[in-house]
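Colleague: With the sequence up front, the predicted model follows.
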Amino acid sequence: MDTPHAHTATGHDAEHRQLVGQIVTMGQAAVTRLEQSLEAVERRDAEAARRIAAGDAEIDAAELRISQEVMRLALRGPMARDLREVLVALRIPADIERIGDYAANIARRSLVLDAMPALPHLAGLRALGMLAAGQVRQALRAYHEGDGDLALQVRGQDAGLDRQYTALFRELLTCMMEDPRNITPCTHLLFMARSLERIGDHATNIAENVWFLLHGDAPPEPREKRDGTSTLAP
């Protein structure tokens, strides 16, 4: 015979699954915008870039709706595991919202690049971007499936993304030193590359929150960082 507590627990589980689905959908939308931004940069598609930049408000609105839903569930008096679910359900949408912001920023900077001669470094930027996008998608899958091992894998990938970002940073600095006319376009590419590196950091944050949700503590090993740009000579 079902007890009132059993019905309450079942209802909470269903609502939590629905909430996770909403957060994952929000995350997939942000990653799609990132991939579209990279395509707009590569194709020099000003119309697409404007559309992507204008659509950032949709990600912001999704975060607000999810935050309101989380707070509604939190007011029901959650227990220890439920408190982790509430905290993570607030943290992850915040990371996704920032990912959407960075995707929009990349689209906006592509509009400036469209008016300048094309540079050969766009392929490197796209490779870095696809690596970041893949990291976000895996982090979202780890959250959706409650997969702690996958979350650790995503976390471990961040050092590789940092190394690739540092290599591209070096290339762009060299390009600027070789020809002063490249300074302006390369500066925009540097900002875009930095946005992609930060997206990787937010994907790692999502992965760490998945681990926290499942285990109630931080991952066992310190996060490895391989961003060497702060030590490069100008």
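Modeller: Looks like it arrived, so ask away.
Colleague: CA only for contacts and neighbour counts going forward, please
Modeller: Noted.
Colleague: how about residue 116, secondary structure?
Modeller: What DSSP: H, G, I helix; E, B strand; the rest coil gives for residue 116 is coil.
Colleague: Look up how far residue 122 lies from the residue nearest to it when sequence neighbours are not counted.
Modeller: Ranked by Cα to Cα, 6 or more residues apart in numbering and with sequence neighbours excluded, the top spatial neighbour of residue 116 is residue 185, at 7.1 Å. Counting by Cα to Cα, to the nearest Å, the separation of residue 185 from residue 122 is 11 Å.
Colleague: same deal with residue 165?
Modeller: 13 Å.
Colleague: between those two, who's got more neighbours?
Modeller: Taking neighbours as other Cα atoms under 10 Å, residue 165 and residue 122 compare with residue 165 leading, 26 against 14.
Colleague: Can you tell me the SS state at the closest residue to residue 143 other than its chain neighbours?
Modeller: Closest residue to residue 143 apart from its sequence neighbours, by Cα to Cα, 6+ apart: residue 210 at 5.6 Å. The three-state assignment at residue 210 reads helix, by three-state DSSP.
Colleague: Pull the contacting residues for residue 210.
Modeller: 88, 142, 143, 146, 147, 148, 151 (Cα atoms under 8 Å, 6 or more residues apart in numbering).
Colleague: Of the residues you listed, just the buried ones, PyMOL syntax please.
Modeller: Filtering the contacts of residue 210 down to the buried ones (16 or more other Cα atoms under 10 Å) takes a single PyMOL command:
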select buried, resi 88+142+143+147+148+151
